[in-house]
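Engineer: no sequence on this one, just coordinates:
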């Protein structure tokens with residue numbers, strides 16, 4: 001016996017199976033109106049006629065945002081701020097009715113904002129101030145000066161200086177913020193050559209990673225936080241997986257670019273100086289077990305050879321994007337329950 005589908009114009013009591021009402025709340029910040037509207041129109045959306053537009057929305061931003069919510073979920077030029085749902089099992093015995101037959105307006109209470117609740121509740125802890133900038137001078141004390149340069153002199157060994165640690169940490173923190181933002185906007189869509197670097201960190205990764213999903217990209221953002229956390233605890237950044245190795249390579253590439261503005265940062269200027277300051281070549285030499293992950297920039301491993309099109313992947317198993325977050329066996333792993341910062 002086949003199941004009975006939904007009879008046309010049926011009331012709740014006439015439907016043979018349970019009925020669930022799901023109401024969704026979405027909010028978007030449109031930070032680039034022209035870009036967002038162009039993307040919506042490219043996807044098939046058409047704005048309302050001029051004589052139907054509201055005075056306070058002459059470009060039909062609401063219509064474009066509704067199109068995004070019903071299709072891609074978001075568009076370039078807009079950020080997803082809120083995505084909440086409320087669900088309810090409708091019961092005739094409780095007086096419930098489907099919306100088309102309801103004699104009362106459908107109202108759903110999503111409650112007050114959780115951020116407001118955190119800051120305004122008399123029962124919650126007071127707002128916490130921004131964490132202070134790490135004291136890298138204390139975290140990475142400089143060795144006694146020595147100029148002998150003898151081969152076996154430990155005082156002449158290279159050291160990670162406070163100024164180098166500061167710039168490297170800043171690069172990692174910037175990458176984390178950028179990666180979290182781009183992961184939220186890009187979601188599961190692939191990075192392409194046509195994006196022309198739009199997606200920051202993700203555009204800079206080897207092409208074999210360009211088809212990864214949003215959760216993979218969020219994990220990469222967390223990898224930036226994990227490495228920055230090493231520095232904030234006074235430790236050398238120690239990659240625990242291939243993803244962290246790649247992130248650290250990118251941060252070492254980015255850190256020298258911060259030198260141009262470091263003189264304007266009083267916190268950085270106050271740090272003690274040392275001959276090893278800003279020696280990022282040494283960082284590249286000492287922070288890694290090997291540089292195998294950089295092989296993926298070789299053209300033979302580009303997106304046409306990653307197995308996505310049914311062909312056999314040429315990428316070594318240990319460097320497949322799906323294994324990037326597997327812990328190395330010879331270093332302590334990160335806490336599995338550390339979660340995500342945002």
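Structural biologist: Sure, I can see it. Here the structure is a predicted model, which means the values were calculated and not measured.

Engineer: when you work out contacts or count neighbours from here on, use the C-alpha atoms and nothing else.
Structural biologist: Fine.

Engineer: list the contacts of the closest residue to residue 33 other than its chain neighbours.
Structural biologist: Leaving aside its sequence neighbours, residue 33 sits nearest to residue 77 (CA to CA, 6 or more residues apart in numbering; 6.5 Å). Applying CA atoms under 8 Å, 6 or more residues apart in numbering to residue 77 gives the contacts 30-36.

Engineer: pretty sure residue 27 sits in a strand.
Structural biologist: Yes: per DSSP: H, G, I helix; E, B strand; the rest coil, residue 27 lies within a strand segment.

Engineer: these two touch, right, it and residue 84?
Structural biologist: No: if you go by CA atoms under 8 Å, residue 27 and residue 84 don't touch, sitting 9.2 Å apart.

Engineer: which of these two has more neighbours?
Structural biologist: residue 27 (13 against 10; other CA atoms under 10 Å).

Engineer: confidence score at the more buried one?
Structural biologist: Residue 27 carries a pLDDT value of 86.

Engineer: which strand residues bridge it?
Structural biologist: Beta-bridge pairing of residue 27 under DSSP bridges involves residue 82.

Engineer: which residues does it contact?
Structural biologist: Per CA under 8 Å, 6+ apart, neighbours of residue 27: 80-83.

Engineer: against residue 214, how distant is it?
Structural biologist: 19 Å (CA to CA, to the nearest Å).

Engineer: on that earlier part again, and the contacts of residue 27, which are buried?
Structural biologist: residue 80 (16 or more other CA atoms under 10 Å).

Engineer: just put the contacts of residue 77 in a markdown table and tack on secondary structure and neighbour count.
Structural biologist: Listed next are the contacts of residue 77 as a markdown table, based on DSSP: H, G, I helix; E, B strand; the rest coil; neighbours: other CA atoms under 10 Å:
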| residue | secondary structure | neighbour count |
| --- | --- | --- |
| 30 | strand | 19 |
| 31 | coil | 12 |
| 32 | coil | 12 |
| 33 | helix | 16 |
| 34 | helix | 14 |
| 35 | helix | 14 |
| 36 | helix | 21 |
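
Engineer: tabulate the contacts of residue 27 in JSON lines, adding columns for pLDDT and distance to residue 16.
Structural biologist: Listed next are those as JSON lines, based on pLDDT from 0 to 100; distance: CA to CA, whole Å:
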{"residue": "80", "pLDDT": "77", "distance to residue 16": "38"}
{"residue": "81", "pLDDT": "78", "distance to residue 16": "38"}
{"residue": "82", "pLDDT": "79", "distance to residue 16": "35"}
{"residue": "83", "pLDDT": "75", "distance to residue 16": "31"}
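
Engineer: can you pull up the most central residue in the chain?
Structural biologist: With distances taken as CA atoms, centre = their mean, the residue of the chain nearest its centroid is residue 180 (1.9 Å).

Engineer: so that residue sits against residue 224, correct?
Structural biologist: No: applying CA under 8 Å as the test, residue 180 and residue 224 come out as separate, 10.0 Å apart.

Engineer: pull the longest helix from the protein.
Structural biologist: Among the segments of the chain that qualify as a helix by DSSP state H, the longest is helix 162-186.

Engineer: contacting residues around the helix or strand just after that one?
Structural biologist: Following helix 162-186 in sequence order, the next helix or strand is helix 200-204 (DSSP states H and E). Identification of contacts with helix 200-204 by CA under 8 Å, 6+ apart yields 175, 178-179, 182, 191, 195-197, 210, 217.

Engineer: and if we set it to 7 Å?
Structural biologist: Applying CA atoms under 7 Å, 6 or more residues apart in numbering, the external contacts of helix 200-204 come out as 175, 178-179, 191, 197.

Engineer: buried ones in that helix?
Structural biologist: So, applying 16+ other CA under 10 Å, buried residues of helix 200-204: 201-203.
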